[in-house]
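# Return a 3D structure for these sequence lines:
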Amino acid sequence: MATTVEGEFATKDGTKLYTKTWKPENSTAQAVLIFLHGFSDHINAYYDLFPTLSSLPFNIAVYGFDQRGWGRSCKKPADHGHTGPTSLVISDIHDFTLHVANQPEAQGKPLFLMGHSMGGGEALAYLLSTSSDYSDRPTLSGLLLEAPYIELHATAQPSYMKVQAGKLASMLLPNMQLKQKLDAAYMSRSKKVCQDWIDDPLCHDTGTLEGLKGLLERAGHLSLLSHDRTVPGFTTKLPCPVWFSFGTGDRVLSYIAAQQLYNVIDAPNKDKTFKAYPDAYHKLHAEPDGGGEQYAKDVGGWILTHAKAKAEVAQVGQSESSQKAASGS
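Have a look, this model is predicted:
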């Protein structure tokens, strides 16, 4: 069982964003996970993923927030999709990461970051950025990516002219709202999950021209990196181990592009994994016939394995320090 706590946190510019935390009940967390949701999604729409992770046998504390422009962080329809430019999107993520790392229950616990879809692309942009603005990022024990946005699926790619027209319009009318519908039929092989997406008023499918431009630019940078191209301000070296997960049946985003980026990404000690889910759709955590349950177990297992590895390294370091101190006395 898990205990849930709702609240708010203030970003650097004073904007208050909705937060929700899933904590192990009557036990100490073995690790802490920060989660970034996808486009037109929100932190309360991830079904049993977080309750499973925060319960036995995993006991992982999960911290999530509805990003600026999404979910319960919108106070009125006029707020829908108002994410701001990429610099603000990543700044909010940095602020929340620092906020979680400074929580008393997170002290001394292995810290992980996970993103789904748009959130996966954001997590990569955050950790691959060489900007000094994020030089005080907390130490992470791992990055987990669920169907990260590197490229749209081949059948969903916009034309070159449409992209260029959008970029021009975003300079003239950055705050103009625009519906950008994702096909609900490809969210999950579960018809109920697809219908939930349609019926959920918080999945509003609305972006601003500025926000959509930033979304495309972030994906464009990651796509260039996946083709071994140099992108100013970015590296291909992650500061922590990474776990990619993608459904081979995903028709929202490109499985091939994710594989290509995985191939060029460097992680400490080459600790990187690509987990393919045969025929699975976009919401791996909400696939039917036990798929979602297995996905949660895979996520929890990877986190605990790396949490244990970090604890063992720390224990060895403490032992070596004690031996040095004893020999020097």
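
# Following element in sequence after the helix or strand in which W243 is found, please.
The secondary structure element spanning W243 is strand 242-247 (assigned by DSSP states H and E). Using DSSP H and E, the helix or strand that follows strand 242-247 in sequence is helix 255-264.

# Contacts made by that next one with the rest, please.
Contacting residues not belonging to helix 255-264 are listed as 124, 145, 147-148, 150-151, 222-223, 225-228, 236, 244, 246-248, 272, 274, 276 [C-beta atoms under 8 Å, 6 or more residues apart in numbering]. Quick note: C-beta positions are derived from backbone N, CA and C, even for glycine.

# Can you flag which of those residues belong to strands?
Secondary-structure check on these using DSSP state E: residues within strands are 145, 244, 246-247, 272, 274, 276.

# Give me the buried subset of these.
Among those, those classed as buried by 16 or more other C-beta atoms under 10 Å are 145, 244, 246-247, 272, 274.

# Export these as TSV, with columns for distance to G300 and pLDDT.
Compiled in TSV, those are given as follows (distance: C-beta to C-beta, whole Å; pLDDT from 0 to 100):
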residue	distance to G300	pLDDT
L145	16	99
F244	17	98
F246	18	98
G247	19	98
K272	19	98
F274	18	98
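
# what's the farthest-apart pair in these?
Taking C-beta to C-beta, the two most distant members of these are G247 and K272; they sit 18.8 Å apart.

# re earlier: Throw the buried ones among the ones in strands among the contacts of helix 255-264 into JSON lines and include distance to E6, thanks.
As requested, these are exported to JSON lines (distance: C-beta to C-beta, whole Å):
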{"residue": "L145", "distance to E6": "26"}
{"residue": "F244", "distance to E6": "31"}
{"residue": "F246", "distance to E6": "31"}
{"residue": "G247", "distance to E6": "30"}
{"residue": "K272", "distance to E6": "34"}
{"residue": "F274", "distance to E6": "35"}
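
# Going by distance to G214, which of those wins?
G214 lies nearest to L145 out of those, by C-beta to C-beta, at 19.0 Å.

# wait, the closest one sits on L113?
No - counting by C-beta atoms under 8 Å, L145 does not reach L113; the two are 9.4 Å apart.

# what sits in contact with each of those two?
Common neighbours of L145 and L113, counting by C-beta under 8 Å, 6+ apart, are A123.

# Now do the same contact list for the residue most central in space within the chain.
The chain has G115 as the residue nearest its centroid, 1.3 Å off, counting by C-alpha atoms, centre = their mean. Applying C-beta under 8 Å, 6+ apart, we find G115 in contact with 35-36, 121-124, 144-146, 148.

# Just checking, which helix or strand of the protein averages the lowest pLDDT?
Least confident helix or strand of the chain, by mean pLDDT, DSSP states H and E, is helix 160-172 with a mean of 63.

# What's the local residue count around P201?
Around P201 sit 6 other residues, with neighbours defined as other C-beta atoms under 10 Å.

# Tell me how far it lies from A45.
In this view, P201 and A45 are 11 Å apart by C-beta to C-beta, to the nearest Å.

# ok, now K20?
11 Å.

# Same question for Y295.
As it turns out, when the distance is counted by C-beta to C-beta, Y295 lies 15 Å from A45.

# swap in K272?
Taken as C-beta to C-beta, the spacing of K272 relative to A45 amounts to 28 Å.

# More neighbours: Y295 and A45, which one.
Under the neighbour definition other C-beta under 10 Å, Y295 and A45 were set side by side, and Y295 has more, 24 against 20.

# got a list of what that one touches?
Contacts of Y295 (C-beta under 8 Å, 6+ apart): 49, 245, 277, 284-285, 287.
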